[in-house]
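A.B. asks: Give me a model of this one.
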Amino acid sequence: MKLSALVEPVAELSRDEVSRYSRHLLIPDVGVEGQRRLKSSKVLVIGAGGLGSPALLYLAAAGVGTLGIIDFDVVDESNLQRQVIHKLSMVGRLKVDSAEAALRELNPHVELRLYRERLEPEMAVQLFAEYDLIVDGTDNFATRYLVNDACVLAGKPYVWGSIFRFEGQASVFWEDAPGGVGLNYRDLYPEPPPPEMAPSCSEGGVLGILCASIGAIMATEAVKLITGIGESLLGRLMVYDALDMSYRQIPLRRAPGRQPITALSDYQSFCGLTRPLGVQDSDMPSITAPELAALRQRGERHELIDVRERTEWDIVHIEGAHLISKGPAAAGEIAARFAKDTPLVLHCKSGLRSRAVLLELQRQGFGDVRNLDGGILAWIREVDSTLPTY
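C.D. replies: Residues are numbered from 1 along each chain as shown. The predicted model follows:
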C-alpha cells in the first residue's frame, strides 16, 4: 500500500553525511530529500535480539537520525548464533550497551537513546509518543499485543516481524493510517494461541541466518515508511520459508467484530501465561535442583521425567531421566507407565512446560508429583556445571 512520507525533511545533511550516504543520494526515489527525512526521523526498536540486531545495524547505517533501543536482557553466548550486533567480548553485558557500542562504531552521526528496562504498560504509550515509528523485534505474544495496543493509543505505525525455526513473517500495522485503511496486529491474531502452541526460539530453535532475512525486511519497511517510497506491507503479511526459499503474501483485512482499543491491559493473563484461576501455590508442589540432587544422593525412590523435545534431550539431559515430550498425550503416557502413587519429579528447560503437565497429572489423580524449579537450566547452574547449557 502506497503511503505518504511519515517524516518531514527538516534536518540538513553535513558534508560528511553527503559522502557517507552518497549511494542513497544517487537513487532518484530517495535523493537528498529522502536522506534528510531519514536524518529527521526517530525510530524506537524494541529488542536488541535476533530481529533487532540486523534492523538496528541497517537503520543506523541508513542514517536514521535518532534510534531508541529498549531491552532489559543481557548477552548470552547462545545469542551469538543469530544476534549479529553482539560480540563475544560483550557476553554478560546488557544488550542495550552492547548494541550501543556496535552502533557508535558503525555511524557516529546517529543519536542513540537507551532504555535498560522491560517494556511495561505503564510507560509504553508515553514512550512511543516520542518516536515517529516503532520496530517490534520482540519474541513473545504478550509483548507483541502490548506493542500493538500502545501503538494504537499513541497513533503510531509499527513494523512487525516474527521468526521460528525456518520460517519468518513480517508486516506493517497502523491503526490510524490515512484513508481509513488502518489495521493492527489484532486483525492478524485476534486471540493469542495457547502458550503450549507458541514456543519461543529458546525452546523451539531458529536458523540464525533467518534473522537477517526478516530483520532486513523490517528495516526496509521502516525506511520506506519514513521516506514515502514504494509500497508498504500495510495490509499484507509476508511469509518467508527458508527451506523452500519461497516468499508468499497473504492479504490482511480488518477482523470482523474487533473492538476498539481504549486502554492497555494485563497481557500476561491475556496470553495465558499466569497461573490458572483458582490454582494456588500449594497446588504446584516443587523441588529445587539442590533438593533433587540430595534426594538422588540418598537413593530415595522417585522417577525423573523430562517433558522437553527430543532435540533438547540430545543436547543435554540428566542421567536416569525418562523422556516423555510434552504434548496432548504426555500425561496419558505417564499414567500408562507409572502408578498413581509413584513419586514423580517433572522437568523441562525452565520449569514452565513441566508445570502444565503436573497440573494435568494432578487432575488424573497423581498424588506425589513435583516440578523442578528452574528446570534443567537450574540443575546445570546449581548442581552440575559440567553439562552444556542452551
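A.B. asks: excluding its backbone neighbours, what's nearest residue 222?
C.D. replies: residue 159 (5.3 Å; CB to CB, 6 or more residues apart in numbering). Using the backbone N, CA and C atoms, a C-beta is placed for each residue, glycine as well.
A.B. asks: Tell me which stretches of the stretch 51-200 of the chain form strands.
C.D. replies: 66-70, 111-115, 133-136, 158-164, 167-173 (DSSP state E, counting those that start in this stretch).
A.B. asks: who does the first one pair up with?
C.D. replies: This means strand 66-70. Strand 66-70 sits in its sheet next to strand 42-46 (parallel), strand 111-115 (parallel), going by DSSP bridges.
A.B. asks: Could you list the low-pLDDT ranges of the stretch 51-200 of the chain?
C.D. replies: Low-confidence segments of the stretch 51-200 of the chain (pLDDT under 70): 196-197.
A.B. asks: What ranges does it have for its helices?
C.D. replies: Per DSSP state H, counting those that start in this stretch, the stretch 51-200 of the chain carries helices over the ranges 52-62, 95-106, 121-128, 141-154, 185-188.
A.B. asks: Highest mean neighbour count out of these?
C.D. replies: helix 52-62 (a mean of 25; mean count of other CB atoms under 10 Å).
A.B. asks: by contact count, what packs against it?
C.D. replies: strand 42-46, strand 66-70, helix 95-106, strand 133-136, helix 208-227 (3 or more CB pairs under 8 Å, 6 or more residues apart in numbering; DSSP states H and E).
A.B. asks: change it to 10 Å
C.D. replies: Judged by 3 or more CB pairs under 10 Å, 6 or more residues apart in numbering; DSSP states H and E, the packing partners of helix 52-62 are helix 31-40, strand 42-46, strand 66-70, helix 95-106, strand 133-136, strand 158-164, helix 208-227.
A.B. asks: centroid residue for the chain?
C.D. replies: What sits nearest the mean C-alpha location of the chain, by CA atoms, centre = their mean, is residue 139, with 1.1 Å.
A.B. asks: Would you enumerate the residues in contact with that residue?
C.D. replies: The contact partners of residue 139, by CB atoms under 10 Å, 6 or more residues apart in numbering, come to 47, 49-52, 162-164, 200-202, 206.
A.B. asks: rewinding a little: surely the residue nearest to residue 222 and residue 132 touch.
C.D. replies: No: in this structure, residue 159 is not within contact of residue 132 by CB atoms under 10 Å, at 11.8 Å.
A.B. asks: In terms of neighbours, single out the busier of the two.
C.D. replies: A count of neighbours by other CB atoms under 10 Å puts residue 159 above the other of residue 159 and residue 132, at 30 against 21.
A.B. asks: how near is that one to residue 77?
C.D. replies: 29 Å (CB to CB, to the nearest Å).
A.B. asks: Tell me who's in contact with the closest residue to residue 208 other than its chain neighbours.
C.D. replies: Excluding its sequence neighbours, the residue lying closest to residue 208 (CB to CB, 6+ apart) is residue 82, at 3.5 Å. Counting by CB under 10 Å, 6+ apart, residue 82 touches 49-51, 53-54, 163, 201, 206-212, 215.
A.B. asks: if you set the cut-off to 7 Å instead, what comes out?
C.D. replies: Shown in contact with residue 82 (CB atoms under 7 Å, 6 or more residues apart in numbering): 50, 206, 208, 211.
A.B. asks: With residue 253 instead?
C.D. replies: Residue 253 touches residue 187, counting by CB under 7 Å, 6+ apart.
A.B. asks: is it fair to say it lies in a helix?
C.D. replies: No: counting by DSSP: H, G, I helix; E, B strand; the rest coil, residue 253 is not found in a helix; it is coil.
A.B. asks: Domains in the protein, by residue range?
C.D. replies: Domain assignment of the chain by automatic domain parsing yields the ranges 15-270, 281-382.
A.B. asks: Save these as TSV, and put in distance to residue 4 too.
C.D. replies: Shown next, in TSV, are the domains of the chain (distance: least, CB to CB, whole Å):
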stretch	distance to residue 4
domain 15-270	5
domain 281-382	45
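A.B. asks: just to revisit the earlier point, was I right to think the residue nearest to residue 222 contacts residue 220?
C.D. replies: No: applying CB atoms under 7 Å as the test, residue 159 and residue 220 come out as separate, 9.0 Å apart.
A.B. asks: quick one, what contacts residue 338?
C.D. replies: Here residue 338 is in contact with 303, 344 (criterion: CB under 7 Å, 6+ apart).
A.B. asks: For it, grab phi and psi.
C.D. replies: Dihedral angles of residue 338 (phi, psi; degrees, to the nearest 10) stand at phi -130, psi 140.
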